[in-house]
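Enquirer: What shape does this take:
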Amino acid sequence: MSPADPRPDPRPVIAAVRDGRGLDAAGAALIARGLADGSVSDAQAAAFAMAVLLRGLDEAGRVALTRAMRDSGDVLRWDLPGPVVDKHSTGGIGDTVSLVLAPLVACCGAYVPMISGRGLGHTGGTLDKLEAIPGFHTALPEAEFRRVTGQVGCAIVAAGRELALADARLYAIRDESATVGSIDLITASILSKKLAAGLDALVLDVKQGSGAFLRGPDAALALARALVDTATGAGCRTRAYVTDMDQPLARAAGNALELREAIAVLTGGQGALRDLSLALSSACLELVGLTGALQALESGAAAERFARMVAAQGGPADLLEHPDRHLPSAPVIRAVPGHGRVAAIDTEALGHAVVALGGGRLHARDRIDPRVGLAQMLRIGEEAGEGRPLALVHAASEAAADAAAATVAAAYLLGDGPEPGPLIRSEVT
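Expert: As a prediction, this is how the structure comes out:
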């Protein structure tokens with residue numbers, strides 16, 4: 001830094017992390033501010049990310065980095081007659097919990113201003129699912145976001161451009177510098193955005209298994225522990241669960257198809273999606289001293305609240321009564337035959353099949369076809385046979401259906417095998 005250049009120099013902070021001397025609050029603030037305002041160069045940001053990946057941060061360093069990245073942009077403040085809570089998932093196939101949880105928790109006295117993301121790679125995104133609803137707006141101005149949250153009790157929106165500014169830049173640099181896998185940077189990235197929403201409590205769903213970002217149990221548990229310790233250290237009551245992603249959570253994967261599944265759960269459907277939605281909703285409520293998730297679901301109150309949220313964000317008021325009238329359908333539906341017991345599933349391959357159909361994206365600017373995906377997917381331990389295919393492919397063309405059917409057939413291992421593991425594998429408090 002020259003005498004005429006007033007900008008702080010990030011190099012001593014980078015060197016301290018590189019040499020194992022850690023990251024303090026002042027150093028984290030310097031890096032986060034520099035990422036947000038451009039005074040930290042791409043080369044310096046990549047060097048910082050690599051130093052963190054190779055040397056790691058202790059708990060105090062993770063908390064400092066998370067707080068600094070949270071504070072690099074706007075931090076929402078709420079004046080509501082109840083606690084503000086949220087849930088975050090690390091991503092999986094058929095994971096439509098957010099669409100059930102937000103209205104369910106809102107029925108019980110909490111407020112859920114959920115800032116969600118889009119799908120990238122083999123996992124789906126909550127915003128993409130909601131945008132399969134005609135007229136539904138996810139890019140709400142802050143004033144409208146506040147109005148819907150206050151009046152309905154929940155809203156699901158895209159992150160505003162002014163939230164966690166440091167993370168937006170560091171996220172892209174991590175991808176380019178091969179540092180995506182750092183648990184410290186993953187933790188700071190997830191939490192800086194969530195805590196910028198002004199939460200009183202947060203529940204985290206860390207997926208583990210063949211369709212998860214982290215396949216092994218040790219890595220998933222380590223991330224869950226880092227997330228809980230860091231969020232708690234930053235002042236937010238937090239609980240995490242490591243949950244099963246050795247098979248799709250719901251029986252459908254694909255945007256309009258998953259919306260139909262969420263609506264089915266809200267209106268009385270059973271299955272793993274319902275079970276996990278109830279468990280995570282109850283955890284959100286317990287953290288702030290509330291109860292009533294099961295009653296809210298079984299009474300129909302959660303379904304009514306979901307309908308209000310959809311209408312408040314521009315969607316049709318009668319979506320729950322007439323989902324097929326409003327949600328798009330694919331022109332080609334193809335059964336994937338199989339014979340025998342499902343022993344195991346390459347769940348990531350199913351996610352890639354949905355992406356190849358046009359239901360996901362490989363690049364941020366890719367357009368999504370909301371009609372396509374997989375439905376009626378069998379689960380581990382179930383029998384495929386005459387009249388019961390492995391799955392139904394919903395495609396835009398015969399050729400796309402052929403390719404997806406081949407991928408799905410290869411993703412299912414049929415034969416003898418162990419019983420499926422528990423839906424919730426561990427809890428971290």
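
Enquirer: SS state for residue 426?
Expert: strand (DSSP: H, G, I helix; E, B strand; the rest coil).

Enquirer: what residues are up against the residue nearest to it when sequence neighbours are not counted?
Expert: Excluding its sequence neighbours, the residue lying closest to residue 426 (Cβ to Cβ, 6 or more residues apart in numbering) is residue 242, at 4.6 Å. Every C-beta, even on glycine, is put in place using the N, C-alpha and C of the backbone. Taking Cβ atoms under 8 Å, 6 or more residues apart in numbering as the definition of contact, the neighbours of residue 242 are 206-208, 217, 220-221, 224, 424-428.

Enquirer: Quick check: what element follows the worst-scoring helix or strand of the chain on mean pLDDT along the chain?
Expert: Sorted by mean pLDDT, DSSP states H and E, the helices and strands of the chain end with helix 165-176, the least confident at a mean of 89. If you walk from helix 165-176 toward the C-terminus, the next helix or strand you reach (DSSP states H and E) is helix 183-195.

Enquirer: Which strands and helices lie in contact with the helix or strand just after that following helix?
Expert: Sequence order places strand 201-208 as the next helix or strand after helix 183-195, per DSSP H and E. Taking 3 or more Cβ pairs under 8 Å, 6 or more residues apart in numbering; DSSP states H and E as contact, the helices and strands that strand 201-208 lies on are strand 85-89, helix 183-195, helix 217-233, strand 237-244, helix 272-287.

Enquirer: switch the cut-off to 6 Å
Expert: With contacts defined as 3 or more Cβ pairs under 6 Å, 6 or more residues apart in numbering; DSSP states H and E, the secondary structure elements packing on strand 201-208 are strand 85-89, helix 217-233, strand 237-244, helix 272-287.

Enquirer: Switch those over to CSV; also include distance to residue 9 and mean pLDDT.
Expert: Conversion of the helices and strands packed on strand 201-208 to CSV gives the following (distance: least, Cβ to Cβ, whole Å; pLDDT from 0 to 100):
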stretch, distance to residue 9, mean pLDDT
strand 85-89, 34, 96
helix 217-233, 27, 95
strand 237-244, 34, 97
helix 272-287, 41, 98
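
Enquirer: circling back to that earlier point, which of the contacts of residue 242 count as buried?
Expert: Buried members of the contacts of residue 242, counted by 16 or more other Cβ atoms under 10 Å: 206-208, 220-221, 224, 425-426, 428.

Enquirer: For those, work out which two are farthest apart.
Expert: 207 and 428 (13.9 Å; Cβ to Cβ).

Enquirer: thinking again about what came up before, check the helices and strands packed on strand 201-208 for me and report the most buried one.
Expert: The highest average neighbour count among the helices and strands packed on strand 201-208, using mean count of other Cβ atoms under 10 Å, belongs to strand 85-89 at a mean of 26.

Enquirer: Residue 336 is nearest to which of the helices and strands packed on strand 201-208?
Expert: If you check each of these against residue 336 by Cβ to Cβ, helix 272-287 wins as the nearest, at 20.3 Å.

Enquirer: Can you add distance to residue 78 and give the helices and strands packed on strand 201-208 back as JSON lines?
Expert: Supplementary listing: these in JSON lines, determined by distance: least, Cβ to Cβ, whole Å:
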{"stretch": "strand 85-89", "distance to residue 78": "11"}
{"stretch": "helix 217-233", "distance to residue 78": "17"}
{"stretch": "strand 237-244", "distance to residue 78": "15"}
{"stretch": "helix 272-287", "distance to residue 78": "16"}
